[in-house]
Every structure is written in C-alpha cells, then in structure tokens.
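> sequence and predicted structure, then a few things I'm wondering about:
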Amino acid sequence: MSRLIINSDTSINIKNDPYYEDRVNLAAVFRMTARLGLHEGIANHFSFAVNKDGSQFLINPNGRHFSNIRASELLLLDAHDDSTMDQPNAPDPTAWAIHGALHRNVPQARCVLHVHSKYATILASIEQDSLPPIDQNTMRFYNRVSIDNNYDGMGLGNEAERLSQTLGNNKVLLMGNHGCLTVGESIAASFDELFYFERSCSNYINALMTGKPLRVVSHEVAEKTALQWASYSKAAHLHLKEVKEILDREEPDYKR
C-alpha cells in the first residue's frame with residue numbers, strides 16, 4: 001500500500017486537493033477550539049476519515065498549535081501503514097496510536113476530536129464520573145457517554161486499542177484520568193458534540209461547587225430531552241457554518 005503522508009507545503013494549490021473542503025472544515029474546528037480554550041498546548045489531536053472504510057484520515061501535524069493550523073498542513077495518513085512513524089513528518093505517537101486505532105476499528109467514527117479540556121478532564125478525574133441530567137445540556141448526553149476507567153498510560157499500544165473498543169455506539173468517550181473524545185459522521189457533528197459536552201461538564205462541575213443539592217430530573221424527562229436534541233439534525237452544520245463565517249472575517253488564513 002502506498003504511503004499517504006502529505007508534507008506540510010503551503011505552496012501546493014490546496015483548492016485542487018480532492019479533500020479541500022474537509023481540510024478547510026477541520027482547520028476551522030482547530031482554530032475555534034483554540035479560541036474556546038478547549039485545547040492543551042500542542043498536545044491534542046483531531047482527525048477526519050476521507051475514504052469509505054475510514055482507514056485513511058486527515059490529522060494535525062506534530063507540534064503545531066491549534067491556533068496556527070492551516071488546511072494545507074493537515075497530514076493524510078493510512079491507519080494500516082506500518083511505516084507511518086518512520087517518516088520525517090510523522091505525527092505525534094499518541095495521535096497515531098489513538099486515532100489510528102479508532103479509524104481502524106470504528107468505521108462510524110468518521111471524525112475524532114480528542115482534547116484535555118478543563119471541565120471534561122475534571123469529570124474524568126473524580127470518583128463520580130457520570131454526568132447526571134441536571135440541565136438541558138447535560139440531558140443531551142443522558143446514557144450516551146462511554147466511560148473508560150482503565151487508564152494505563154498515554155494512549156500508546158494496547159491503551160489505544162482499548163479506547164477504540166470502549167467507545168461502542170456512543171459519540172462521546174470520557175477517558176478516565178485523561179480527557180475526552182467525541183466522534184461523528186461529519187466534522188460539524190463531532191465539533192458540536194465536543195462543544196456541548198464541555199459546556200455540560202462545566203455546568204455540572206460548577207453546580208457541584210455551590211455545595212447545594214442537585215436538581216436531577218427523572219429518567220423519562222432526561223430521555224425525552226436527549227431525543228429532542230437528536231432531532232436537531234441540521235444544528236451542527238449551522239454551527240460550523242457560523243464558525244467559518246467568523247474565521248473568514250477575522251483569520252481567513254486557516255483556508256490556506
């Protein structure tokens with residue numbers, strides 16, 4: 001199989017790339033994630049599958065800050081290419097391990113966004129790691145978050161394979177003692193999940209900080225609300241559209 005790593009070369013005519021729109025959308029999500037403070041230095045990674053079985057995917061280059069990433073800089077990798085880490089522009093080892101495992105093992109995970117965002121990581125660090133339905137945002141994720149409680153290092157080797165198996169059919173994986181990741185059939189869908197999951201974790205952690213009893217709704221109400229959230233199928237794409245409009249106006253170089 002041919003190697004699919006593409007060098008970060010802004011001199012190429014990026015608009016002729018067959019994955020141009022995917023590159024632009026993913027670059028936009030990197031930029032907005034940085035603006036929202038959901039990233040952690042250069043340590044987190046986003047990827048998007050571009051072929052049918054999900055094994056070929058775009059991902060951020062090693063050592064690049066989210067706020068600087070441009071569309072042309074995204075690497076194109078093959079999850080089955082064992083020579084990837086031997087290449088001069090190889091991705092971060094944990095990015096290759098975690099995202100490679102997910103794209104090999106979970107075909108429905110077209111877009112994988114992994115962060116160590118503040119409130120999701122707090123939730124991943126406390127004994128009570130569930131997210132109770134206390135407000136409209138947390139109800140979106142009611143019984144819809146997979147939880148990994150077997151942290152064993154920084155996502156390399158067997159750790160990455162286990163994470164891909166733990167996700168199941170959910171769109172959110174709370175990675176115990178680590179952070180979180182969201183998946184979706186599109187970049188827009190996965191970003192929307194990430195945005196609202198972090199907001200939900202923030203609402204919950206701040207509610208705990210009041211020291212007051214939580215107003216937890218019933219199973220019936222929480223489930224009904226989660227299904228209502230799911231009916232807003234176009235909201236994620238509208239969200240990304242607005243993100244791109246902001247960036248087009250304020251930092252259009254993300255498309256380069």
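Nice, thanks for sending it over.

> from now on I want contacts and neighbour counts done on CA atoms only, so please keep to that.
Noted.

> doesn't Ser72 make contact with Asp253?
No. Taking Cα atoms under 8 Å as the definition, Asp253 is not a contact partner of Ser72, at 10.3 Å.

> what's the local residue count around the residue lying closest to Leu74 once chain neighbours are set aside?
For Leu74, the nearest residue in space outside its immediate sequence neighbours is Asn60; the separation is 5.0 Å by Cα to Cα, 6 or more residues apart in numbering. By the measure other Cα atoms under 10 Å, the count of residues near Asn60 is 27.

> try Leu214
14.

> next one, pLDDT for it please.
Looking at Leu214, its pLDDT reads 98.

> do Asn16 as well
Looking at Asn16, the pLDDT reads 87.

> one more: Ser2?
36.

> looking at the chain, which helix is longest?
helix 187-209 (DSSP state H).

> contact partners for the residue nearest in space to the middle of the chain?
The centroid of the chain falls nearest to Leu113 when counting by Cα atoms, centre = their mean (1.2 Å). Residues counted as contacts of Leu113 (Cα atoms under 8 Å, 6 or more residues apart in numbering) are His45, Phe46, Ser47, Leu181, Thr182, Val183, Ser190, Phe191, Leu194.

> just those now: which is nearest Phe66?
His45 (8.9 Å; Cα to Cα).

> quick check: closest non-adjacent residue to that closest one.
His114 (5.6 Å).

> from Thr121, how far off is the one you found?
Look at His114 and Thr121: by Cα to Cα, to the nearest Å, they are 11 Å apart.

> flag the shaky bits of the stretch 51-200 of the chain, pLDDT-wise.
155 (pLDDT under 70).

> could you pull out the strands for it?
Secondary structure of the stretch 51-200 of the chain by DSSP state E, counting those that start in this stretch: the strands cover 56-59, 75-78, 111-115, 145-148, 172-175, 179-184.

> contacts only, for the residue nearest to Leu74.
Neighbours of Asn60 in contact, by Cα under 8 Å, 6+ apart: His45, Phe46, Ser47, Ile69, Glu73, Leu74, Leu75, Pro91.
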